[in-house]
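1. Predicted model follows, preceded by the sequence.
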Amino acid sequence: MAKFQLHVNGRWHPVDIDGNMPLLWALRDILGLKGTKFGCGVAQCGACTVHLDGRAVRSCSVDVGVAALSKITTIEGLSYDGEMHPCQKAWVELGVPQCGFCQPGQIMSAAALLAANPHPDDTQIDAAMRGNICRCGTYPRIREAIHKAAGDTTS
Amino acid sequence: MSIYRVTRRDFLRSAGVGAGALVFGFSLSPDELLAADSKLKQLLHNHVILNPFVALQPLDGTIVIVTHRPEMGQGIRSSLAAVLADDLEADWSRVKLQMADADSVAYAIKFPGADVGFPDKVSVKLPFPYDEPPADGLVYAIPPEGSQFADSSRSMAAYYQTMRLTGTGIRLVFERAAAKVLGVKDATECRARQHKIYHVPSGRSVDFGSKRLLIHAGKEAPPTLGDIVKALKKPADFRFIGKSMPFVDAPNMVTGKAVYGADISLPGMLTAMIERCPVANGQLESFDATAALAVPGVRKVTAVLPSTVAPGGVGRAFVPHAGVAVLADNTWAALQGRRALRPHIKWNYGPHRSYESSAYRKELEASTAAAGKTVRETGDVDGAFASATKVVEAGYYVPLLAQAPMEPPMAIALLKGGESLEVWAPTQNPDSAQLMAGRLAFGIPESDWEKEEIVAKLRKNVTLHMPLLGGGFGRKSKPDYIGEAALLAAQNPGVPIRVQWTREDDIQFSYYNAVSSQYLKAALDGNGYPTALLQRSALTSFFGTLFSLDKATQRAKTLDGGVDGYASGIERAQGLEDMPFVIANLRIENCEAKNHIRVGWMRSVANIYHAFGICSFADELAREARRDSKDYLLELIGEGRDLSRVLASQHVKQYRNNELPLETVNLPDKSGQLMEIVGAFPPHTRRLRAVVERAAKECGWDEKVRQYKDVKGRGIGIAAHRSFLSYVAIVADVSLNDKNELTINEICGVIDCGLAVNPDRVRAQMEGGIIYGLSYALLGEITVKDGAVVQNNFDDYPVLRIHQAPKISVHIMESDQPPSGVGEPPTPAVAPALANAIAAAGGPRIREMPFNRKVVVL
């Protein structure tokens, strides 16, 4: 066990846990932040995507000891003052979710993409989002929603 | 009080004709509410219960609709509620949805034949559309299911009518009560409109939230069913039905607030990871817990199954595999504990240890190489082959497939006071999950599992809460993982136990979609049209998993095969027996396939391999005949006919039309009057023809065929299939380059699902179903070695990713037919359309999945 200060969604959280515990389980089991989902545990599906200093990472495969060095943002911290992130708004407006389980991870990846590239084309979207699996098959709407969140017209 | 009710006993008494009917009950009076002692009451405390589905909230007049069907992404919570709210004239912004618990007493009535533990059927059907009430005053009914089992894309087909009647009945009560509040003599002058009831002549109104309205409504005599039928809204007045309604759960889903099973946290809860015997029916011999217990945070290591319960596998329904559980303070500790435990378990693998996929494939293909049991026959097939100008034959193979929903299975169970069990779990089949959890937790001997008094007791003593499902696709129809939590809860009274599956567990311990071999042989005349068709199917029936052989005799009649190594009537009705083409000499044979692993069902089930076989073969014949594939397909389908009549004349014993009746029968109601029960969803090939024509038009088929003739490596393919009462055509447009790399340029899909109640969700299901179909067609395969599944996770069981998802266009047929399924029907035609397109593009003829063995999928 080791003591860490985790900076999550703008607040410090002291924890006393195994430094090798993946960030995913620290978020879910220790901090009770349940928006970040467990889908595969081996960085294959993206359901657990969070931001470390604004970069999209798979929290199932980042040790908490490493994550403690960065500012962590989860789906719960993506919106400010109750105002949804443009991605979240677009996701609702276009009816993207079906079962919804992968969508927090999808949105975290999409938000990181838009922060780095405000107007991605389809190829860039595919490249940035291919780490996020959706079994319900919402991919066409995800593409459309990212364009919408970017303020670009969709075809 | 009730408008109309057939109790279970009444129902069984009149059940001789093999079909049943129920019209829902209303419960309005406060006295009844106080006397009621149901879970529904707890759920709705502070509300006045209007009927089993709806509550009117005092003070603000919010309408709370209890959504009883599991929500797994199909949007059924929103869609069914919108139907009810439409007829009720509720303002959608003042409607709230409340997820029900498992409660088969509130939602289901037993149906004859339900002894197999399968969905109960109940409901009401009225003539469609409802422009005029039936002249003879009779109620027309079909018996769809009345349970909460989200299965076979049946929710809308089964509940559309019930929701409409319920909404209308409540509206009538409100209108009559409003007449009293407003001091109006003639209640027919009062009309509800968007949460208010207006006295039309004077324009005065009363809101649904009025206390006086609520009091009067509570005293109001129930409207008769006849009154309700007359008061149903005309389709032209629909506000929500047929319009795209918002998906209620979406805002919570995108903000991380939506609650799935694993998001529920209880005080003192322990997390369990289970190491399971990798071979079906294998037994636990021994284990040494020392290493696992040394992991910090691990509390306990224990066998999951008591010695009295034989391990799950073939013939063991929903009993869990043998396993050893590591119980820990948190998920990470449980994971590490399990890893430490793994080398220290000894299994007795049993006879299925020798199961191996490539050897089994040979066995299956040998089975379809020989004659099977004839299930449909017409004409002289052997004679036609003997005199044929040309004979074409082909074999198709589909491997085991895992559903792999994004949310891995999990369940929480808590034994309270030794006699009541509380469960939180994502499940498609709440009723079955509730019973299985109780049977295992309370150690009910297996000989007593089906006993009526035991079942009643379990329903009373087991509470099952239904969080959202992070996908189901058939996997969560099987409550094995819930049984594991129940067993561990029984060992640890008072401690909530969360059994969490990993992705590896999910891939390795699914109830797989059957492995199947299809053999087709056709005789062609001089014009290339088939004069004869022989079709053979071998598949590992899911009934081999659900029922042991010793139960075969008693089940045989209901299941019509399935338990003895042959496809059951349910599986045969999914694209085999109901082969739609017009062929003069036809024989369809059911071939043997023994089970060695748990088999269940996956989105569209037996349609997957049946559609792949027949729709690919149709294209092969077209090519053989040098005909346009679409024109040839239309010729095979013909002008259109009621297939159920054809099947009846071709010796199909009991065609199962998604478990809905085909013929009209008369049933006595409670008062002894006869009710006519009309089959509402006859399989009609005119509708299949129509989706093919529409798809050809929408994708510009003829133009593209001309255009691609001169383009190397470009092609389009078409396939059409009816399943779950809906009709779908798919056109795939593909390119293949010199390196044999496949690009899917576009998929065009057309669906006829009757009335599209919520078109945006129909569209979403089409998009998703097409992608699901592409996923298994291109990439999916589960293989077995030494009786154990080889694949582990998304790296070796890949599924479609965004860069592989093509552009998809969806078209919904306008229809005045009753609504039918949309969850599964989009899927079956995808793989054959794609295979046909690849062949058209000059690529290989692909007769087995996954396609990435024959073409490169980037």
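-> Received the coordinates, thanks.
2. Quick check: chain neighbours aside, which residue is closest to residue B:92?
-> residue B:85 (6.1 Å; C-beta to C-beta, 6 or more residues apart in numbering or on different chains). (C-beta placed from N, C-alpha, C; glycine too.)
3. Quick one: the helices in the stretch 551-700 of chain B, in order.
-> Along the stretch 551-700 of chain B, counting by DSSP state H, counting those that start in this stretch, helices occupy B:552-559, B:569-572, B:607-624, B:629-637, B:643-649, B:685-699.
4. I'd like those helices as a markdown table, with mean neighbour count and distance to chain A appended.
-> Formatted as a markdown table, those follow (neighbours: other C-beta atoms under 10 Å in any protein chain shown; distance: least, C-beta to the nearest C-beta, whole Å):
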| stretch | mean neighbour count | distance to chain A |
| --- | --- | --- |
| helix B:552-559 | 15 | 30 |
| helix B:569-572 | 25 | 23 |
| helix B:607-624 | 25 | 16 |
| helix B:629-637 | 22 | 25 |
| helix B:643-649 | 17 | 30 |
| helix B:685-699 | 21 | 16 |
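5. Including mean pLDDT, could those go into CSV?
-> Shown next, in CSV, are those (pLDDT from 0 to 100):
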stretch, mean pLDDT
helix B:552-559, 57
helix B:569-572, 92
helix B:607-624, 98
helix B:629-637, 98
helix B:643-649, 92
helix B:685-699, 98
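6. Which one of the ones you listed lies nearest to residue B:794?
-> For residue B:794, the closest of those is helix B:607-624, at 20.2 Å, according to C-beta to C-beta.
7. elements contacting the closest one?
-> Applying 3 or more C-beta pairs under 8 Å, 6 or more residues apart in numbering or on different chains; DSSP states H and E, one finds that helix B:607-624 contacts strand B:390-398, strand B:516-524, strand B:530-539, helix B:629-637, strand B:714-723, helix B:830-840.
8. Check which helices and strands the fifth one sits against.
-> For strand B:714-723, the contact count by 3+ C-beta pairs under 8 Å, 6+ apart identifies helix B:607-624, helix B:629-637, helix B:685-699, helix B:701-708, strand B:726-736, helix B:830-840 as packing neighbours.
9. and chain A, what are its domains?
-> With domains defined by automatic domain parsing, chain A comprises A:2-77, A:86-149.
10. of all these, which lies closest to residue B:819?
-> Closest among these, using C-beta to C-beta: domain A:86-149, at 18.7 Å.
11. Pull up the residues of the stretch 151-300 of chain B that are close to chain A.
-> Contact residues, the stretch 151-300 of chain B versus chain A (C-beta under 8 Å from any C-beta of the partner chain): B:244, B:246-247, B:249-260, B:262-263, B:265, B:271, B:296.
12. rerun at 10 Å
-> B:244-247, B:249-260, B:262-265, B:269, B:271, B:295-297 (C-beta under 10 Å from any C-beta of the partner chain).
13. swap in the stretch 351-500 of chain B?
-> By the rule C-beta under 10 Å from any C-beta, the part of the stretch 351-500 of chain B lying against chain A is B:403-408, B:410, B:426, B:468-473, B:500.
14. closest to chain A among those residues?
-> For these, the residue nearest chain A by C-beta to the nearest C-beta is residue B:470; the value is 3.0 Å.
15. so which strand or helix has residue B:98?
-> Taking DSSP states H and E as the criterion, residue B:98 maps to strand B:95-99.
16. Not counting sequence-adjacent ones, nearest residue to residue B:277?
-> Nearest non-adjacent residue to residue B:277, counting by C-beta to C-beta, 6+ apart: residue B:322, 4.2 Å away.
17. ok, now which ones touch that neighbour?
-> Residues near residue B:322 by C-beta atoms under 10 Å, 6 or more residues apart in numbering or on different chains: B:274-277, B:279-285, B:303-305, B:309-313, B:345, B:347-348, B:350.
18. Any quick PyMOL command for the buried ones out of those?
-> Buried residues among those (16 or more other C-beta atoms under 10 Å in any protein chain shown), as a PyMOL selection:
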select buried, chain B and resi 274+275+276+277+279+280+281+282+283+284+303+304+305+309+311+312+313+345+347+350
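19. buried residues in stretch A:113-129?
-> Buried-residue list, stretch A:113-129, by 16+ other C-beta under 10 Å: A:113-114, A:120, A:122, A:125-126, A:128-129.
20. now stretch B:571-590
-> Buried, per 16+ other C-beta under 10 Å, within stretch B:571-590: B:571-581, B:583-590.
21. Compute the distance between the residue of chain A positioned farthest from its centre and chain B, please.
-> Distance to the chain centre peaks in chain A at residue A:1, reaching 26.9 Å (criterion: C-alpha atoms, centre = their mean). Using C-beta to the nearest C-beta, to the nearest Å, residue A:1 is found at 7 Å from chain B.
22. Pretty sure residue A:18 is one of the things that residue touches, is it not?
-> Yes. With contact defined as C-beta atoms under 10 Å, residue A:1 counts as touching residue A:18 (6.1 Å).
23. on that earlier part again, what's the most buried one of the helices and strands packed on helix B:607-624?
-> helix B:830-840 (a mean of 29; mean count of other C-beta atoms under 10 Å in any protein chain shown).
24. out of the helices and strands packed on helix B:607-624, which comes closest to residue B:175?
-> Nearest to residue B:175 among the helices and strands packed on helix B:607-624 is strand B:714-723 (41.0 Å), distances taken as C-beta to C-beta.
25. Name the strands paired with that closest one and say parallel or antiparallel.
-> strand B:726-736 (antiparallel) (DSSP bridges).
26. what comes up buried for the partner strand?
-> Within strand B:726-736, the residues that count as buried by 16+ other C-beta under 10 Å are B:726-736.
27. which among the residues you listed gets closest to chain A?
-> For the buried residues of strand B:726-736, the minimum distance to chain A (C-beta to the nearest C-beta) is 13.9 Å, reached by residue B:730.
28. quick revisit: how about the domains of chain A in CSV, adding distance to residue B:220?
-> Below are these laid out as CSV (distance: least, C-beta to C-beta, whole Å):
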stretch, distance to residue B:220
domain A:2-77, 44
domain A:86-149, 38
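29. Would you mind giving these as a markdown table with mean pLDDT and distance to residue B:816 added?
-> A markdown table is the format used below for the domains of chain A (pLDDT from 0 to 100; distance: least, C-beta to C-beta, whole Å):
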| stretch | mean pLDDT | distance to residue B:816 |
| --- | --- | --- |
| domain A:2-77 | 97 | 42 |
| domain A:86-149 | 98 | 26 |
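30. With respect to burial, which of those scores highest?
-> Mean neighbours per residue, mean count of other C-beta under 10 Å, is largest over the domains of chain A for domain A:86-149, with a mean of 23.
31. Now render the helices of the stretch 551-700 of chain B as TSV, adding distance to residue B:356.
-> Shown next, in TSV, are those (distance: least, C-beta to C-beta, whole Å):
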stretch	distance to residue B:356
helix B:552-559	26
helix B:569-572	24
helix B:607-624	20
helix B:629-637	37
helix B:643-649	37
helix B:685-699	39
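32. Any idea which of those helices gets closest to residue A:108?
-> Judged by C-beta to C-beta, the one of these that comes nearest to residue A:108 is helix B:607-624, at 33.3 Å.
33. contact partners of stretch B:838-845?
-> B:394, B:616, B:619-620, B:622-623, B:629, B:704-705, B:708-709, B:711-718, B:732-737, B:740, B:742-744, B:835-837, B:846, B:851, B:853-855.
34. Tell me the gap between that stretch and the middle of its chain.
-> Mean-position distance between stretch B:838-845 and its chain equals 33 Å (C-alpha atoms, centre = their mean, to the nearest Å).
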